[in-house]
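**Q** attaching a predicted model along with its sequence, questions to come.
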Amino acid sequence: MSESEEILGHLRSLADPAAAEGMKRFGINPNSMLGVSVPKIRKLAKEIGKDHTLAQELWASGIHEARILASMVDDAAVVTGGQMELWVRGFDSWDVCDQCCGNLFDKTAFAYEKAAAWSSRKEEFVRRAGFALMACLAVHDKKADDRKFLRFLGIIKRESGDGRNFVRKAVNWALRQIGKRNARLHAAAIETAEKMRKSDPKSARWIAADALRELRSGAVRKRLARG
């Protein structure tokens, strides 16, 4: 038995059908889901360590939790743009999308390129991945130049008319995270949101109003003042 088969067997032993069924309430596709919690998957990933080949085998299984585990054990240094395109086309739920973006894709050499490219794609979860990547980069890439995120703000405004639930929530997430990076980007994000609030699409107005509530909150202002 291969290592991937052993790990898949272990995941199946942790299966909770009731939990899998319950995830429907959160808009997660229950197909191929075992019902294993993310903390349990993350614990398993730490025990495994980084293994690029294993990650490919886990992803190929098509099992929901195995794909999340694949994003945790893969090695970002050897991930190719082609692999990212293959995986993003396989996204069928927001949690696999966001886990891949936050665990793996935002650490690759292609992260900024893919964020911009995917943001204009038609497929709902591909477009969500573009904005999820922007949000994750805003949080994790501490040394990135502000100009990269100022460019993203232009894309956020451009795509804010997409009313699909999983897209608009990711656009909102990206806008808020960029606005919380530093004082300069905070001001730019608020300016972007104000422009969006005056636009016709209902989704743009919702994204703007929700983001402004957080960006103008005392907690955010206090944290930015501390530098």
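**A** Nice, I can see it. Residues are numbered from 1 along each chain as shown.
**Q** pull the residues that contact the helix or strand of the chain with the lowest mean pLDDT.
**A** Every helix and strand in the chain was compared by mean pLDDT, DSSP states H and E; the lowest is helix 17-22, with a mean of 85. By C-beta atoms under 8 Å, 6 or more residues apart in numbering, the surrounding residues in contact with helix 17-22 are Pro30, Met33, Leu34, Gly35, Val36, Ser37. Using the backbone N, CA and C atoms, a C-beta is placed for each residue, glycine as well.
**Q** which helix or which strand is home to the first one?
**A** Per DSSP states H and E, Pro30 falls between elements, in no helix or strand.
**Q** surely it is in contact with Met23?
**A** Yes - using C-beta atoms under 8 Å, Pro30 is in contact with Met23, at 6.0 Å.
**Q** joint contacts of the two?
**A** By C-beta under 8 Å, 6+ apart, no residue touches both Pro30 and Met23.
**Q** burial count for Ile178?
**A** Other residues within reach of Ile178, judged by other C-beta atoms under 10 Å, total 28.
**Q** likewise Arg168?
**A** 23.
**Q** what's the host helix or strand of it packed up against?
**A** Arg168 belongs to helix 165-179 when elements are defined using DSSP H and E. Counting contacts by 3 or more C-beta pairs under 8 Å, 6 or more residues apart in numbering; DSSP states H and E, the secondary-structure elements packed against helix 165-179 are helix 94-103, helix 124-140, helix 146-159, helix 183-197, helix 202-215.
**Q** let me see the contact set for the residue most central in space within the chain.
**A** Centroid-nearest residue in the chain, with C-alpha atoms, centre = their mean: Asp98, separated by 2.9 Å. The contact partners of Asp98, taken as C-beta under 8 Å, 6+ apart, are Ala132.
**Q** equivalent analysis for Ala135, please.
**A** Residues near Ala135 by C-beta under 8 Å, 6+ apart: Cys101, Ala170, Trp173, Ala174, Arg176, Gln177, Ile178.
**Q** so which of these is the closest to Ala144?
**A** For the contacts of Ala135, the closest approach to Ala144 (C-beta to C-beta) belongs to Ile178, at 10.6 Å.
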